[in-house]
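Q: Any chance you could fold what I've pasted below:
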Amino acid sequence: MRRAVLESQDHFVVREFCEQVCSGLASKDYLSEYLAIYHAILGRCRYMRDPRTVELVRAPHIVARQLLTGQVPQLDCDDEGAMIAACVTAMGGTARLVTVAFQDMFYEGRRQYSHVFCEAFEPRSRQWIVLDPVAAERTKQMLKDVRASKIWPIGN
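A: Numbers count the residues shown, from 1 in each chain. Below you'll find the model as predicted:
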């Protein structure tokens, strides 16, 4: 998933999508840029689980192309997180992916994570902003329910 973000962050179609979404915003309003991307993904994509036995990962540049042509991508949490992270980095920001577990489930001694989302670093407030379209209005409760998490920096 991180590799998909890194490969797509420099794709012109991702930057073009970001520019389209953020065109009406004031310059250097990074928080508004992040929120505009978040709301664009929330409003223009549909959540759909992966097949039971396959972990599908869509490259963000392919999702951006679909969005620019008016399609409605069918994405799960890792696809949406990767798309938002690619957009944040394509706009010069810092992003990371966060995997979380809501239950203490283990397989062969390894914790099993069931959800992933993007966080973006907002430089003015120096805070990480949760951008999770899957949780949307229940993000606060979702964060309270997390039993374990793992952070995956993008780049650096």
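Q: Next one: the residue lying closest to residue 112 once chain neighbours are set aside relative to residue 113, how far apart?
A: Leaving aside its chain neighbours, residue 112 sits nearest to residue 105 (4.3 Å; criterion: Cβ to Cβ, 6 or more residues apart in numbering). C-beta here means a position set from N, CA and C on the backbone, and glycine is covered the same way. Counting by Cβ to Cβ, to the nearest Å, the gap from residue 105 to residue 113 is 9 Å.
Q: Please identify which of the two sits among more neighbours.
A: For residue 105 and residue 113, the more surrounded residue by other Cβ atoms under 10 Å is residue 113, and the numbers stand at 17 against 13.
Q: Can you classify that one by secondary structure?
A: Using DSSP: H, G, I helix; E, B strand; the rest coil, the three-state assignment for residue 113 comes out as coil.
Q: wait, doesn't it sit right on residue 150?
A: Yes. In this structure, residue 113 is within contact of residue 150 by Cβ atoms under 8 Å, at 6.7 Å.
Q: what touches both of the two?
A: Counting by Cβ atoms under 8 Å, 6 or more residues apart in numbering, the common neighbours of residue 113 and residue 150 are 99-100.
Q: Can you name the next helix or strand after the strand or helix carrying residue 87?
A: For residue 87, the enclosing helix or strand under DSSP states H and E is helix 77-90. Per DSSP H and E, helix 77-90 leads on to strand 94-101 as the next helix or strand towards the C-terminus.
Q: In PDB, list the C-alpha atoms belonging to the helix or strand bottoming out on mean pLDDT in the chain.
A: Of all regular secondary-structure elements in the chain, judged by mean pLDDT, DSSP states H and E, the least confident is helix 2-8 with a mean of 78. Provided in PDB are the C-alpha atoms of helix 2-8 (Å, rounded to 0.1, in the frame of the first residue of the first chain):
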ATOM      1  CA  ARG A   2       2.800   2.400   0.900                       C
ATOM      2  CA  ARG A   3       4.500   1.500  -2.400                       C
ATOM      3  CA  ALA A   4       1.200   2.400  -4.300                       C
ATOM      4  CA  VAL A   5       1.200   5.800  -2.600                       C
ATOM      5  CA  LEU A   6       4.900   6.400  -3.400                       C
ATOM      6  CA  GLU A   7       4.400   5.400  -7.100                       C
ATOM      7  CA  SER A   8       1.400   7.600  -7.500                       C
END
